[in-house]
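Trainee: Sequence and predicted model, in that order:
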Amino acid sequence: MAERFPELASLLEAQRPVAVQTHDYPDIDAVASAWGLASLLRRRGFSAACCYRGELTSRSLRSLIFELGIDLAPASGSGQNAQVIIVDGSPANGNVSLAAGQLIAVIDHHCKSAEVIAPFLDLRPELASCSTMIRGYWEEAGWEPPRGIATALLAGIQSDTDFLSRSCSDADFAAYTALYQGGDWELASRIVRTVLDLRELGLIVSALGKAVVRDGILFAFIRGPCGQEALAVLAEFALRAEELSAAVVAQEDEGGIHISVRSKSAAVSAFGLVRAALGGIGNGGGHAHSAGGVVPTGSKPGEDALRERFFKAAADASTVR
């Protein structure tokens with residue numbers, strides 16, 4: 001593959017600011033990628049900053065930002081003159097509310113649901129982590145990322161691969177090995193490992209007890225405010241049941257309904273489930289094994305209706321096969 005970072009840099013105007021934007025409601029991989037790319041662009045002489053839309057709902061992500069001093073700001077401050085680069089997401093997938101400015105590039109590793117148009121596209125769904133792509137950009141530029149950035153990118157790969165236990169390509173392993181030498185893998189591991197409080201443990205137990213299972217699909221609704229990690233923990237724990245092929249966990253707060261989907265079956269795509277179930281009421285994206293979505297406050301269908309949407313999406317996918 002031709003080197004991509006020099007091509008990207010050649011498209012940017014040095015006198016205009018660059019906004020490196022994550023997908024909405026970002027996770028560790030998104031923020032690590034945005035910070036890593038913005039820092040690389042600053043070293044090349046550009047005025048670059050990383051930004052996001054939505055909320056920072058992950059306790060682990062907030063810890064990453066605090067521990068490493070990541071400069072992340074709401075996208076509303078980017079300005080009309082900004083050159084916008086999207087990382088770890090795509091406007092075509094419905095999980096990015098574009099910041100003001102001119103869209104220059106989309107850099108993503110998720111499944112593609114529609115075509116996206118931008119002067120620069122680097123779309124690699126075969127990779128497990130966007131942080132792997134950004135580590136490659138540093139290599140193409142001829143530099144090693146500083147220790148803090150290497151640590152963040154390590155955390156991004158750890159987070160999206162469940163510590164190299166799922167869907168890793170050779171490139172992901174190679175990037176992790178290189179970053180392991182330059183970053184603080186112990187700090188990255190401590191940050192990524194899920195942090196829950198006792199109240200959230202109680203919410204998880206209650207939601208699991210009231211979960212509904214149909215044709216190998218589990219649907220659970222967490223009744224109470226909780227961090228983003230709690231949804232993933234419950235979904236991944238549920239898949240330890242031999243009879244289940246996929247798990248859907250939802251939780252409602254003032255911002256809407258947040259959804260986490262996990263699958264352990266090649267016949268059930270987490271990405272396909274969330275896209276089909278949320279069509280017309282929300283948006284989502286991800287991978288075949290792991291996906292997430294959001295239903296905005298104004299479109300909330302209610303717990304029962306949302307559950308039936310997911311069961312119908314699973315049944316329709318089974319019929320198509």
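Mentor: Perfect, thanks for sending it. Numbers count the residues shown, from 1 in each chain.
Trainee: and the top helix by length along the chain, average pLDDT?
Mentor: Determined from DSSP state H, the single longest helix within the chain is helix 303-320. For helix 303-320, the mean pLDDT works out to 87.
Trainee: now it: how far from the chain's centre is it?
Mentor: Distance, stretch centre to chain centre, for helix 303-320: 23 Å (Cα atoms, centre = their mean, to the nearest Å).
Trainee: could I have it exported to PDB, CA atoms only?
Mentor: Extracted as PDB, the C-alpha positions of helix 303-320 are listed here (Å, rounded to 0.1, in the frame of the first residue of the first chain):
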ATOM      1  CA  GLU A 303     -38.000  -0.200  26.000                       C
ATOM      2  CA  ASP A 304     -40.500  -2.800  24.600                       C
ATOM      3  CA  ALA A 305     -40.600  -1.300  21.100                       C
ATOM      4  CA  LEU A 306     -36.800  -1.100  21.000                       C
ATOM      5  CA  ARG A 307     -36.500  -4.700  22.100                       C
ATOM      6  CA  GLU A 308     -38.900  -5.800  19.300                       C
ATOM      7  CA  ARG A 309     -36.900  -3.800  16.800                       C
ATOM      8  CA  PHE A 310     -33.800  -5.800  17.600                       C
ATOM      9  CA  PHE A 311     -35.500  -9.100  17.600                       C
ATOM     10  CA  LYS A 312     -37.100  -8.300  14.200                       C
ATOM     11  CA  ALA A 313     -33.800  -7.300  12.800                       C
ATOM     12  CA  ALA A 314     -32.300 -10.600  13.900                       C
ATOM     13  CA  ALA A 315     -35.200 -12.600  12.500                       C
ATOM     14  CA  ASP A 316     -35.000 -10.700   9.200                       C
ATOM     15  CA  ALA A 317     -31.300 -11.300   8.900                       C
ATOM     16  CA  SER A 318     -31.900 -15.000   9.500                       C
ATOM     17  CA  THR A 319     -34.600 -15.100   6.800                       C
ATOM     18  CA  VAL A 320     -32.200 -13.500   4.300                       C
END
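Trainee: So for that helix, what gets flagged as buried?
Mentor: 306-311, 313-314 (16 or more other Cβ atoms under 10 Å). Any C-beta I mention is one placed from the backbone N, CA and C, and that applies to glycine too.
Trainee: contact partners of it?
Mentor: The contact list for helix 303-320 (Cβ atoms under 8 Å, 6 or more residues apart in numbering) reads 212, 214-215, 217, 219, 221, 246, 248, 250, 257, 267-269, 272-273, 276-278, 281, 295, 301.
Trainee: For I281, the count of nearby residues, please.
Mentor: Residues within reach of I281, counting by other Cβ atoms under 10 Å, total 18.
Trainee: And for D162?
Mentor: Going by other Cβ under 10 Å, the residues that sit close to D162 add up to 16.
Trainee: same question, V20
Mentor: So V20, with other Cβ under 10 Å, has 30 neighbours.
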